[in-house]
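Asker: Predicted structure and sequence below. I'll ask about it afterward.
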Amino acid sequence: MLQIQGLRKQYGPITAVDDISLRVDDGEFFGLLGPNGAGKSTLMSLVANVLKPDEGEIRIDDAAISDRNSRARQSLGLAPQGIALYKELTAFQNLCLFGEIYGLRGTTLRSRVDEMLHAVQLTDRAHQAVRTFSGGMQRRLNLVAALLHRPKLLLCDEPTVGVDPHSRNAIFEFLQARAREGLTVIYSTHYMEEAERLCSRIGIIDHGKIIAIGTLDELLRRLPFEDEIRFPAGGACDALATRLQGEGEILRADEIYRFRPRAGYRLSSFFLLTESMGLPPALFSSQRPTLEALFLHLTGQQLRE
Amino acid sequence: MSAVLTLVKKDFLRVRVNRVALLLLFVVPLALTVLFGQVYGVNRRDAGPVGVPLAVINLSSDPGAARLVSALQAERAFRVIESVATAEQARSAIRNNDFRFALVIPSDLLQPGRIGLHLIFLSNPRNTIETSTVYGILQKVIYTTAPQLLLHAPAAPDAAPGLSQLVKIDAEQVIGREVKSPMATLVIGGWAMQFLLFGLSASAAAIYTERDLGLYQRLLSAPVTRAQIVWGKFFYGLILGIVQLLVLFLAGGWLYGVDIVHHLAPLLLVCALAAANCIGMGLLIAAIMPNAEASNGAATLLILLMSAIGGAWFPVSFMPPFIQSISVFTPVYWAMRGFEQVLWSHDSWAQLLPTVAMLALIAAALMAIASWRLRRSSVFQ
């Protein structure tokens, strides 16, 4: 579906996208995960033909994306990070306008608009100005405006920023339903929970480079530990943390210790140690490592920085 | 009270970091004051018109007539044209807009048995301030020269000389005699251009609102090119401008009796070209400026300046020569000229052609630069 080869984009001295090559297959739900300023939106804008790359090539269904190639651009839909809607116009007028841009006319246009409004539960607000909508409603409309022409590839640039949990769930369910129907989605986010929940494959981007790519399991296997043990800071636990220094990674944040054992470290050793120190098992919880842990491991910084 | 002081401080802090606001508050008014001072010759000792073309047709063989011509040539307000041979030729040249004023010195300037001078003043009073001033200066020159002329006049002992008998000027309006509502017809073009410039500059600045909302991202990801967005803005402005101008002119017809109906086709053409210039100007400003605020500030500065220089407020002929030479590069000048030719002089299509061509040329230049700049600017990123 999408092939990116040697893509580079520079803004003066800043390299926003640095030699990215990527392949996204038909029907994939691909997550682009990275902190703010990592280059996610620039990469999205390059794929959407909003920006011109300094180097490299982007192909959609084997057609190079460019101003002249309207077929390639007809294949994709972009839901920008901002609410890219004419707020003084109604939801219906907005959708008709964007549908017409893609060449839809007459009853086809009307039925697609009705279908999209229904899909995001905005039928009863169709003829009200978008400026009167809540943030979540505007987000949902922003998303479906990219799907009127039934693209093969949907680019979602952080579509849940500032959205309430109800609308967030509605957006997730809508996207998952479309993905089941065969839509290829590239979903950029800095929320690891979203990437974990939605994406079949994830690319982690930082400083304009994709630093890791794979399924969630593949990515987590790159961590040198399988589990993370958490326990409260203070008292005897501080002594425990000191004794664990050589056995793996130990981090302290928000009065919680997080112990990530080195490869080959036996958990039985850990519990023997805690028992000898008189620490009750109830103090400890074991958790599967997260993408955040992976990001921290790969970059040395928190994902939400 | 301390809350009020804090709030006052807050507003000063905000304005201090807003360069555009500071520019509009201090730099623009100062720049305009300096420029308007230049335009209106505020500091000139000899304020008033300079070099207004005045054709002088001397049909008299009297040496006094030559003396009058010399006096007119010495007057800096006039640039005397002596190449016109007859009064009829002068009328024709005025109709062609070669010049707007002519003084005919008839063969009977001074006659035996009659006291006083007889002169004919031909005019196209397309600008009432200009015409009144020119006529006033002309009278000054004539009255100053008259005593010397009359010294040479043949004696007429039985006639008692009165002031009204000394100089008799027959004023003849060559163009616009049949115009029903001269005042409204003459000023409406200037008003219309200013409204149009403000309206279309604002609509061009809306380009930034669309950018900030991410609408260009959506549009450019669709089968839409940057050039199409620019030309979409142009045609929107063109249609809006034509409609706005026509509404204004129709209101002028309804309220003040300006004759629109009989000149609709040429008026529509001039309106379309004036609108094309205004939207081209607006888009060019938007292409050069970095944001909506800066764009609006620059537009205000340019509109006021162009209106002043272009003659929307004040006759161009009263401005210093170098300002007059700049004036012809402003769309306001040519649009005003076009409206005047259509509504005042009722010029033919052939006579209108140079004006229309100039408007088209300026619009094409503005749009070419605006389109080139916009397609490469950060507006679409």
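Answerer: Done, it's in.

Asker: going forward, measure contacts between C-alpha atoms and count neighbours the same way
Answerer: Noted.

Asker: Give the closest residue to B:A363 in space, chain neighbours not counted.
Answerer: B:N277 (4.5 Å; C-alpha to C-alpha, 6 or more residues apart in numbering or on different chains).

Asker: Which SSE is immediately downstream of the helix or strand that neighbour falls within?
Answerer: Using DSSP states H and E, B:N277 maps to helix B:264-288. Moving toward the C-terminus from helix B:264-288, the next helix or strand (DSSP H and E) is helix B:292-310.

Asker: and the residue nearest to B:A363, how many neighbours?
Answerer: 32 (other C-alpha atoms under 10 Å in any protein chain shown).

Asker: Also B:S61?
Answerer: 14.

Asker: Apart from its neighbours in sequence, what residue is nearest it?
Answerer: Nearest to B:S61 is B:S107, by C-alpha to C-alpha, 6+ apart, at 6.9 Å.

Asker: Where in chain B is the helix or strand with the lowest mean pLDDT?
Answerer: Across the helices and strands of chain B, mean confidence by mean pLDDT, DSSP states H and E is lowest for helix B:163-166: a mean of 56.

Asker: Residues touching the very next helix or strand once past it, excluding its own?
Answerer: Next along the chain after helix B:163-166, taking DSSP H and E as the criterion, comes strand B:167-173. Taking contacts as C-alpha atoms under 8 Å, 6 or more residues apart in numbering or on different chains, the residues outside strand B:167-173 that touch it are B:G116, B:L117, B:H118, B:L119, B:I120, B:F121, B:L122, B:S123, B:N124, B:P125, B:Y143, B:A146.

Asker: export those residues to JSON lines and tack on distance to B:L220?
Answerer: Supplementary listing: the contacts of strand B:167-173 in JSON lines, determined by distance: C-alpha to C-alpha, whole Å:
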{"residue": "B:G116", "distance to B:L220": "79"}
{"residue": "B:L117", "distance to B:L220": "75"}
{"residue": "B:H118", "distance to B:L220": "73"}
{"residue": "B:L119", "distance to B:L220": "70"}
{"residue": "B:I120", "distance to B:L220": "67"}
{"residue": "B:F121", "distance to B:L220": "63"}
{"residue": "B:L122", "distance to B:L220": "60"}
{"residue": "B:S123", "distance to B:L220": "57"}
{"residue": "B:N124", "distance to B:L220": "53"}
{"residue": "B:P125", "distance to B:L220": "53"}
{"residue": "B:Y143", "distance to B:L220": "72"}
{"residue": "B:A146", "distance to B:L220": "75"}
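
Asker: can you tell me the residue of the stretch 101-250 of chain A closest to chain B?
Answerer: Proximity of the stretch 101-250 of chain A to chain B (C-alpha to the nearest C-alpha) peaks at A:Y102, 6.6 Å away.

Asker: That residue: neighbouring residues, count only.
Answerer: 20.

Asker: quick one, what contacts it?
Answerer: A:Q74, A:H149, B:A222, B:P223.

Asker: Most neighbours among these, which one is it?
Answerer: B:A222 (28 neighbours).

Asker: Could you look up the SS state of the residue of the stretch 51-200 of chain B found nearest chain A?
Answerer: In the stretch 51-200 of chain B, the residue that lies nearest chain A is B:G199 (18.7 Å; C-alpha to the nearest C-alpha). Under DSSP: H, G, I helix; E, B strand; the rest coil, B:G199 falls in the helix class.

Asker: How many residues are close by it?
Answerer: 18.

Asker: And A:G103, by the same measure?
Answerer: 12.

Asker: Distance-wise, check it relative to B:V224.
Answerer: 11 Å (C-alpha to C-alpha, to the nearest Å).

Asker: again, but for B:V243
Answerer: Counting by C-alpha to C-alpha - B:V243 and B:V224 are separated by 27 Å.

Asker: same deal with B:L240?
Answerer: From B:L240 to B:V224 the distance is 22 Å (C-alpha to C-alpha).

Asker: CA atoms only for stretch B:224-237 - export them in PDB, please.
Answerer: Coordinates of each C-alpha in stretch B:224-237 appear next as PDB, following Å, rounded to 0.1, in the frame of the first residue of the first chain:
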ATOM      1  CA  VAL B 224      -6.000  20.100  -5.200                       C
ATOM      2  CA  THR B 225      -2.800  22.000  -6.100                       C
ATOM      3  CA  ARG B 226      -1.400  25.100  -4.500                       C
ATOM      4  CA  ALA B 227      -2.100  27.000  -7.800                       C
ATOM      5  CA  GLN B 228      -5.700  26.000  -7.700                       C
ATOM      6  CA  ILE B 229      -6.100  27.300  -4.100                       C
ATOM      7  CA  VAL B 230      -4.600  30.600  -5.200                       C
ATOM      8  CA  TRP B 231      -6.800  30.900  -8.300                       C
ATOM      9  CA  GLY B 232      -9.800  29.900  -6.200                       C
ATOM     10  CA  LYS B 233      -9.100  32.800  -3.900                       C
ATOM     11  CA  PHE B 234      -8.700  35.100  -7.000                       C
ATOM     12  CA  PHE B 235     -12.000  34.200  -8.600                       C
ATOM     13  CA  TYR B 236     -13.800  34.300  -5.400                       C
ATOM     14  CA  GLY B 237     -12.500  37.900  -4.800                       C
END
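
Asker: List the buried residues for that stretch?
Answerer: Within stretch B:224-237, the residues scored as buried using 16 or more other C-alpha atoms under 10 Å in any protein chain shown are B:V224, B:T225, B:R226, B:I229, B:V230, B:K233, B:F234, B:G237.

Asker: filter those residues down to the ones near chain A?
Answerer: Restricting the buried residues of stretch B:224-237 to those near chain A by C-alpha under 8 Å from any C-alpha of the partner chain leaves B:V224, B:T225.
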